[in-house]
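Asker: What shape does this take:
(3 chains)
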Amino acid sequence: MTETLHAATAARGHRPDLEPAPTVLQIRELVVGPRPQGGGAATRNLVDGASLVVHRGEMVGLVGESGSGKTLTALAAADLLPAALQIRGGQVLVDGVDVAPLGRRAARRHLSSSVGIIFQNPTSSLNPRLRIDAQLREALPRGTSRQQRRELTGDLLGQVGVPNVVKTLGAYPHELSGGLNQRVMIAIALARRPGLLIADEPTTALDVSVQAQVLDLIDQLRADLGIGVLLVSHDIGVIADRTSIVSVMSQGRIVETGDTAEVLRSPRHDYTRRLLAAVPQRLAPLRLRSAERDESPVHLEITQARRSFVVRGPAGSRHFTALDGVDLTLRQGQAIGLVGESGSGKTTLARAVVGLERLDSGTIRYQGQDPDELDRAAHRRWRRDVQYVFQDPYSSLDPRLTVQQTLREPLELNHSGLARATVNRRVEELLDEVELPGAFRTRFPSELSGGQRQRVGIARALASDPALIVADEPVSALDLSVQARVLALFGRLRQERALSFLFISHDLTVVRYLCEDLVVLRRGTVVEQGPTETVLRQPAHPYTRSLVDAVPGRALSTLPAPTDALDGVDPATREEGP
Amino acid sequence: MSNATASTAPAGRPSGQLRSPIGVRHLVRRLLTGLIAVWGAITIVFFALYSSNNPVLLLVPPDAPPEETARLTRLYGFDQPVPVQYVKFLGNVVTGSFPDSLRYGQDPLTIALQKVPASLLLGAASLVLGVLVGGLIGYVAATARYAWLRRVPLSIATVADAVPTFFVGMVLILVFAVTLRWVPTMGRGAGGVTGMILPTITLAIAFVPAISRVFRTALLEALRADHVRTAIAKGVSRPMVALRHVVANAVGPTLNVVGIQAGVLLGGAVVTESVFGWPGIGQLSINAVQNRDYPLVIVCVLIIAIGFVLINLVVDVLSVLIEPRLRA
Amino acid sequence: MSTATAVLPELDERPATRVRRPSIGWAGRIGAALLVVIVGVSLLAPLLAGDPLQQDLASILAAPSRAHPLGLDEVGRDVLDRVIWGGRTALSISLTAALIATVLGLALALGSALFGGWVDTLCSRIADVQLAVPTIVLAIVVLAFVGNSFVPIVVVLVLGSWVLTFRVLRGHARTVVEQQYIEAAIVAGAGRSALARRHLLPSVAPLFFVAFTLSASSALMLQASLGFLGLGVQPPRPDWGAMVASGRDALSAAWWVATAPGVAIVLTVLALQLFGDGLAERYLGGARNSEGAR
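Answerer: Okay, here's the model as predicted:
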């Protein structure tokens, strides 16, 4: 196992036996903090003594959760920190040259020819007002003649694997897909032939299959051009698959650096260990049902669901088919994972189940009945029974209401005339059930972290004692460790409450943990369904296979299971000091 | 910029001229909306007129004999039912045939059209001035290095926003014409180019605050945009980043506000012309109202409403040219 | 379940912070103070000022003196008295109009946001038409043919300023309606009225007050312009705009006659705008500055 990892690492350019390649980036004891404003210099540093080295031909990973300072470290290396921040200490050496003493203009000139950088959101990183052609020309070195520029732009696009070069040159960023724009960004980054490419979460905004292609491209350019790459990511899977050296960052410090395979196999730092334990690939799947129990009554039945939207533009409208005849059956107590890429229709289907979206045709029957045909009382019962957990923990809570007020809402709306004391007791119970302290009652959403907000959202869904919960990407906005805990909470709820679950996700590994069954959607149709293990091991449909193959973190699944069970599967019951 | 370079490109290269930048359907829809707006304005005038009972009473001298009133009522068709009058009225508007001006005894359209160039001149001059000054204040307020420079000019603009146009004009007259005697007190008739200075400044001040505020906001938004970081990273020089990636990107949103503010501009023009006796359509409309010269009032309102629609149409076309995302 | 474990902070999550609202700022406070003074003086006009119609024909256009701090006008009336009484006219008309206009704008905006579809389209089209007719032109036409008493003036001002409120509130209400917490409330069992009561109104309320102060300022400005053009309230009643117009002819001889009411207009409009901007800064992070900029 370890051998395979090592072999893979070696193929990615790092050869411990050979002379080390020249250094393209060296960061020494970097400290980044807010610019002092009017004397008060006591503010916390966001990067606090980070050091790392990137050699030519090497892909170095920088991994950490949000707020760890990884992106700021990368931006500082390219002298692109936001105006409110500044480098407070340490050195940044690019191609062996210390950047700081150069002065602003000289530093900029040096950096722009020796560092290329790409960002998380490729489409907004390009100027919406200019054609790709114009934006590429700007990136070419000074002194390039008109004639040369004309040829070079096309060559650059060809180099990054853009299929239709002429058409792409004449296009505006909003006319291209995210993946294509990221390729353009890479072309821009490489236009001045830098020795270093900094990639800051380059694929986070892209679908998994596109993500794999873009990462393949970066890896290939690294090998072909011999450039060093600093890959910044929150995704341990991506880091594990793509990098030879990794630095793990937490709270502004690099806590561990080493050979990627080594770090993953035997993490030395406690933080790394916890992070690895939270990787969904490594969570023991929750299996509450076996195949023969499929006799349970049908809870939800979707037949031939169709829905299309009219997308309006200034010059007319076009149709977009979100659902194109979807059938789906969910039995009592079953948890189905609904997976697919963006535009597959999974969210539309989920919304239709809870009545937030209408179908053009087809039916959705809950316990054998179409909610639209129910009388008032039965409709109210349905409304209580079927609950929804939203993706975005930030916009799904009213910023003006305290946690208590948010949780009271479903109680008051569904059981009018409930005594005040009863309502308050229920709120306490709900908070307890989602593992939030009772004192959080009086907090506003702005005073909660992302994971805490999502717990409040789950508590709100539980308030009406539902039988079916539809959850739309409920953990995709959360950091890895938080995600693991929220997943564990979902798992516990499944066990204790005997809920049926429709769990929508783009992330196969998350679904694998929580759901026994899997439905794969593509362009509004079901391409494959069945028990999770079967579908993932022997995907029948080529699309499913490509999805499974594209999931990053192959290297992770070959690692031994976490030794310390307390670290992993059930963080909810773990005791730990502050 | 990119268009110019693309047109010199050899065949097969993308060219700005290959694609129609503006959807025809888009243009037609905006034009229809504009026509509806003009119709709305005309309808309001009609019903305002009708609600004053028999409009003929406005036309004849108070001591006119009843037979004369009755004759004119029949002549102008005011004895017919309202819907019939309304349809006839709309028909007249469409064909451009209006009853003669009561005061001048001529075709009101001819009279009004003669006044249009003067108004255009004043409007264009103050638009140029206002956009320059407003743009400058907005730019300074968004980007100046010193806090006082970011705040003071914008604060002055904010205060100016609280001064009604007629009072701006009056104060300017008091200071520059009456006290300092730098310029003549009255408008164009009174002395060529110098007569234009005060009206132009007055009208410009009416929309400088809005332009500077919006331009500042748009600039701040453009400065925050991710693509500016890309431009800096790829080594574009600072002035070019500012011009090509920040200022140029902030023009679109600002232009939109100019369109929305067009009503303010026209209203300000009416007041300004009236304050300075500028012989334009605004002053004509005020005079027509004071003289109860209702055919002339209708024509004036019609022209002003059309002017508004045209301004917005131009803004629309320019926005689409500047903002490729608006194209289909 | 043990709550003890739950208190643990989640790994690497940023600590929760209490968010403090910015204050309305010094400019907002100046506006508020100025407004209190102006409204107070107008309310107390009968106590503070003499008869605004009393004439002293012997000393027409007299310069400011101890007896007449702002001098006398072209028919020998005390300018200060007329400015104070004029405040009553200006404030009563413009505040009434602003109140009606903002309530109307609020109702239509909420309707547009909650019902969407053709209701929204219709309201927006009416607003477009309204915008295509410069308010001052509309005012001129209506007041010239219908007459210029309190009610028609208020109607004209309402017509001219409801669109501002409508557009701003509709934009805001629509973004609120698109928020997931609205859908969460629907799933929790809320109907349209519950949505409006529990989520929409509280969210729109601060913006409503901002829109009210800004509408009041524009209504007051327009009311003054109408007075200046001779289309304001009937002549003997003191009116700031009309006072500026009549003082204009004597500008070179007695500049204070036209300037005093003009300054009163500017101060009142400025007070309303500063206060409104302050409110916007506090509750919305500067909504007025982004007006129209998408």
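Asker: tell me the pLDDT at residue 41?
Answerer: Went with chain A since none was named. Here, the pLDDT recorded for A:Ala41 equals 51.
Asker: could you do chain C instead?
Answerer: For C:Val41, the predicted pLDDT is 89.
Asker: Equivalent analysis for the one 3 residues further on, please.
Answerer: The predicted local confidence for C:Leu44 comes out at a pLDDT of 85.
Asker: Quick check, the residue in the stretch 1-150 of chain A closest to chain C?
Answerer: Per Cβ to the nearest Cβ, A:Glu65 is where the stretch 1-150 of chain A lies closest to chain C, at 4.4 Å. Using the backbone N, CA and C atoms, a C-beta is placed for each residue, glycine as well.
Asker: Next one: A:Ala223 from chain C, what distance?
Answerer: 33 Å (Cβ to the nearest Cβ, to the nearest Å).
Asker: Okay, now the unreliable bits of the stretch 101-250 of chain A?
Answerer: Applying pLDDT under 70 to the stretch 101-250 of chain A flags no residue at all.
Asker: Pretty sure the residue of the stretch 1-150 of chain A closest to chain C sits against A:Ser250.
Answerer: Yes. Counting by Cβ atoms under 8 Å, A:Glu65 touches A:Ser250, with 7.4 Å between them.
Asker: mind checking the SS state of A:Gly67?
Answerer: Assigned state for A:Gly67: coil (three-state reduction, DSSP: H, G, I helix; E, B strand; the rest coil).
Asker: element containing A:Val166, please.
Answerer: Using DSSP states H and E, A:Val166 maps to helix A:165-169.
Asker: Nearest residue to the middle of chain C?
Answerer: C:Ala216 (1.8 Å; Cα atoms, centre = their mean).
Asker: Could you report the separation of it from chain B?
Answerer: Counting by Cβ to the nearest Cβ - C:Ala216 and chain B are separated by 12 Å.
Asker: contacting residues for that residue?
Answerer: C:Ala216 makes contact with C:Ser94, C:Leu95, C:Ala98, C:Leu272 under the criterion Cβ atoms under 8 Å, 6 or more residues apart in numbering or on different chains.
Asker: ok, which residues in the stretch 251-400 of chain A are in contact with chain C?
Answerer: A:251, A:271, A:274-275, A:278, A:354-356, A:380, A:383-384, A:386-388, A:390-392, A:395-398, A:400 (Cβ under 8 Å from any Cβ of the partner chain).
Asker: Mind doing that once more with 6 Å?
Answerer: A:Val354, A:Leu356, A:Arg383, A:Tyr388, A:Phe390, A:Asp392, A:Ser395, A:Ser396, A:Leu397, A:Asp398, A:Arg400 (Cβ under 6 Å from any Cβ of the partner chain).
Asker: Can you give the distance from stretch B:232-241 to the centre of its chain?
Answerer: Centroid separation for stretch B:232-241 versus its chain: 37 Å, with Cα atoms, centre = their mean, to the nearest Å.
Asker: meant to ask about stretch C:159-168
Answerer: On Cα atoms, centre = their mean, the centre of stretch C:159-168 falls 11 Å from that of its chain.
Asker: Next: stretch A:493-505.
Answerer: 22 Å.
Asker: Now that stretch: buried residues?
Answerer: The neighbour-count check on stretch A:493-505 (16 or more other Cβ atoms under 10 Å in any protein chain shown) flags A:Leu493, A:Arg494, A:Leu499, A:Ser500, A:Phe501, A:Leu502, A:Phe503, A:Ile504, A:Ser505 as buried.
Asker: Tabulate the residues you listed (TSV), appending pLDDT, distance to chain B and secondary structure.
Answerer: Formatted as TSV, the buried residues of stretch A:493-505 follow (pLDDT from 0 to 100; distance: Cβ to the nearest Cβ, whole Å; DSSP: H, G, I helix; E, B strand; the rest coil):
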residue	pLDDT	distance to chain B	secondary structure
A:Leu493	89	39	helix
A:Arg494	87	40	helix
A:Leu499	88	41	coil
A:Ser500	91	42	strand
A:Phe501	91	37	strand
A:Leu502	93	35	strand
A:Phe503	93	32	strand
A:Ile504	93	28	strand
A:Ser505	90	27	strand
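Asker: No more questions from me, cheers.
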